[in-house]
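A.B. asks: Structure for the following, please:
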Amino acid sequence: MIIATNIALIIIALIILIYILERDLGLFLLSFIILLQYIWMFCSILVIENGIYINEQGRNGYFVYSGFILLLFYVTSLLSLIFYKKTFGTLFKKTPSFKFKIGELKDINIASILIGTILGIAYFNLFNSPIPLFSEEVTKFNFWEHAKYPFLKSIIGNVIAFAGFGAALLYRFKKRTSIFYLTLYLGYLILMDQKFTGFLIAIYGILVALYFSSNVRVQFKLKWILNKYLITIVIALFCLVYYKYSVKEPFKYMGLTPLESVFYRAFGLQAHVFWGTTEHYIYNGTPNTWNLSELWKGMHVLMREFWPWSYEAYVSVTTRGVSWTNAYPSILLRIFPLPIALLVNMLLLSVVGFFQSLLATFIERRSFVLSIVFFQLLMWVSYAYTMAYFNKLIIPFILLFALSFFTFLINKTRKNESEN
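C.D. replies: Numbers count the residues shown, from 1 in each chain. Here you go, the predicted model:
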């Protein structure tokens, strides 16, 4: 009965998602990271509430109705994003188009040089460092600990999604350059030994750029999902992972078979924090903290609450930047009662909607440099939400203020020059 209930909730979530895909593909693409998080968490709850052992919490899961609570957040989040798209979309219709120009270099050329420079720096650092694809010791996770120029991490990161986005943005106007950059970009991901998540983020950036830069709005069709090639790729990837787990059996110590290990690795951990907060603050009735400061680094707060090992181990892990996953909207359940948590969630998503609408506006008006900048800002904002690291919203807002001020000064200078 528990399995059937949670499967039913997954089906409901997928039906709602397909409805959004058919009605507004653009909103789906802009919200992809957040929507994917929810779907993954629904699947994770199916695994957790079936009684699987949660290694990070040192206990077994059980049925606490967390799927129903997640569905409430899922629906209210979608309604909020739809509302903010309409609201900010109307507001930004009057926003003047702004394009950079340096001497004879136009905005699109500056964007092209920017992407080329970033890819060049990324390859220069990679070829002077141990390459994860060919190294037995260095992986994509610890690459920057062994990189020749570790200070570049703040610029490049592991995926440099904005490079893929920018390369795709050039496609309609500089096709050869775009294809060349995309080839370099995908090659970089392969050499970094990126797998599912890395390529998923890359595809996300590319699709956002292609969709909003096109003069024709593509409509989603269900047959895309049922495409035989896509199904073949999914089956092939599953068989590859299953074979790998059959050989190494990474979760044998937990008594899991290779098949169970595949599903545990894919879904078992994604929602364990949400399940834990639901169990504590809704199912068991633990009083809420009402402490808004916990939003600042919500992930660390929740890790400390459910951490089953020593405090010294917790400090060591968080100091090194290692964290769990999907601490939002879990942190809201710790701070507020459920009805208020849902309202706060709807209010907080206004920030996401704001950056989504600005990005769409800049792409459609062919402001290439600003589009690349705001795509990266949207990535940071989305990451801040899914991981409940709201302290990371500072950088997007500082850059937003700086760009706004810079744009104001340039427009004022241009206006004065035209009057003279």
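
A.B. asks: what ranges do the strands span in this protein?
C.D. replies: 53-54, 59-60 (DSSP state E).

A.B. asks: Lowest average pLDDT across those?
C.D. replies: If you rank the strands of the chain by mean pLDDT, strand 53-54 sits at the bottom with a mean of 85.

A.B. asks: And it, what does it pack against?
C.D. replies: strand 59-60, helix 272-278 (3 or more Cβ pairs under 8 Å, 6 or more residues apart in numbering; DSSP states H and E). Bear in mind the C-beta positions are built from the backbone N, C-alpha and C, glycine included.

A.B. asks: Strand partners (parallel or antiparallel) of the first one?
C.D. replies: Partner strands and pairing direction for strand 59-60 (DSSP bridges) are strand 53-54 (antiparallel).

A.B. asks: circling back to that earlier point, so which of the strands of the chain gets nearest Arg217?
C.D. replies: Using Cβ to Cβ as the criterion, the shortest distance between Arg217 and these is 43.2 Å, found for strand 53-54.

A.B. asks: remind me which residues of the protein are low pLDDT?
C.D. replies: Within the chain, the ranges that satisfy pLDDT under 70 run 96, 222, 230, 233, 237, 254, 266-268, 411, 414-415, 417-420.

A.B. asks: In contact with the residue lying closest to Phe374 once chain neighbours are set aside, which residues?
C.D. replies: Using Cβ to Cβ, 6 or more residues apart in numbering and skipping residues adjacent in sequence, the residue nearest Phe374 is Leu359, 4.4 Å away. Contacts of Leu359 were listed using Cβ atoms under 8 Å, 6 or more residues apart in numbering, and they are Leu30, Val208, Phe212, Ser371, Phe374, Phe375, Leu377, Leu378.

A.B. asks: Let me know whether the second one touches Leu27 as I believe.
C.D. replies: This means Val208. No - the pair Val208 and Leu27 fails to qualify as a contact (Cβ atoms under 8 Å) at a distance of 11.2 Å.

A.B. asks: more crowded one of those two?
C.D. replies: Between Val208 and Leu27, counted using other Cβ atoms under 10 Å, the more crowded position is Val208 (26 against 21).

A.B. asks: Next one: the more buried one from Gly164, what distance?
C.D. replies: Taken as Cβ to Cβ, to the nearest Å, the spacing of Val208 relative to Gly164 amounts to 10 Å.

A.B. asks: for Leu359, same thing?
C.D. replies: With the distance defined as Cβ to Cβ, Leu359 ends up 15 Å from Gly164.

A.B. asks: returning to that earlier point: which members of the contacts of Leu359 are the farthest-apart pair?
C.D. replies: The largest distance within these, taken as Cβ to Cβ, falls between Phe212 and Leu377 and amounts to 15.4 Å.

A.B. asks: what's the burial count for Glu312?
C.D. replies: 8.

A.B. asks: One more: Gly285?
C.D. replies: Close neighbours of Gly285, defined as other Cβ under 10 Å, add up to 7.

A.B. asks: which residues does it contact?
C.D. replies: For Gly285, no contacting residues are found, by Cβ under 8 Å, 6+ apart.

A.B. asks: same thing with Gly166?
C.D. replies: By Cβ under 8 Å, 6+ apart, the contact set of Gly166 is Ala111, Leu114, Ile115, Tyr181, Ala209, Phe368, Ser371, Ile372, Phe375.

A.B. asks: go on, Ile156?
C.D. replies: Ile156 is in contact with Ile118, Ile121, Ala122, Asn125, counting by Cβ under 8 Å, 6+ apart.

A.B. asks: what do you get for Leu21?
C.D. replies: Applying Cβ under 8 Å, 6+ apart to Leu21 gives the contacts Phe28, Phe220.

A.B. asks: Which of the contacts of Gly166 fall within helices?
C.D. replies: The helices, defined by DSSP state H, take in Ala111, Leu114, Ile115, Tyr181, Ala209, Phe368, Ser371, Ile372, Phe375 from the contacts of Gly166.

A.B. asks: Would you show me how to pick out the buried ones of these in PyMOL?
C.D. replies: In PyMOL, the members of the ones in helices among the contacts of Gly166 classed as buried (16 or more other Cβ atoms under 10 Å) are selected with the following command:
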select buried, resi 111+114+115+181+209+368+371+372+375
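
A.B. asks: so which of the ones in helices among the contacts of Gly166 comes closest to His272?
C.D. replies: When the ones in helices among the contacts of Gly166 are compared for distance to His272 (Cβ to Cβ), Phe375 wins out at 30.4 Å.

A.B. asks: How much space separates the closest one from Ile206?
C.D. replies: In this structure, Phe375 and Ile206 are separated by 11 Å, where distance is defined by Cβ to Cβ.

A.B. asks: ranges for the helices of the stretch 1-150 of the chain?
C.D. replies: Secondary structure of the stretch 1-150 of the chain by DSSP state H, counting those that start in this stretch: the helices cover 2-23, 25-30, 32-48, 66-91, 107-127, 143-146.

A.B. asks: Among those helices, which comes closest to Lys101?
C.D. replies: Per Cβ to Cβ, nearest to Lys101 of the helices of the stretch 1-150 of the chain: helix 107-127, 6.4 Å.

A.B. asks: ok so, going back, could the helices of the stretch 1-150 of the chain be laid out in JSON lines, adding distance to Tyr243?
C.D. replies: Compiled in JSON lines, the helices of the stretch 1-150 of the chain are given as follows (distance: least, Cβ to Cβ, whole Å):
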{"stretch": "helix 2-23", "distance to Tyr243": "26"}
{"stretch": "helix 25-30", "distance to Tyr243": "33"}
{"stretch": "helix 32-48", "distance to Tyr243": "21"}
{"stretch": "helix 66-91", "distance to Tyr243": "31"}
{"stretch": "helix 107-127", "distance to Tyr243": "29"}
{"stretch": "helix 143-146", "distance to Tyr243": "26"}
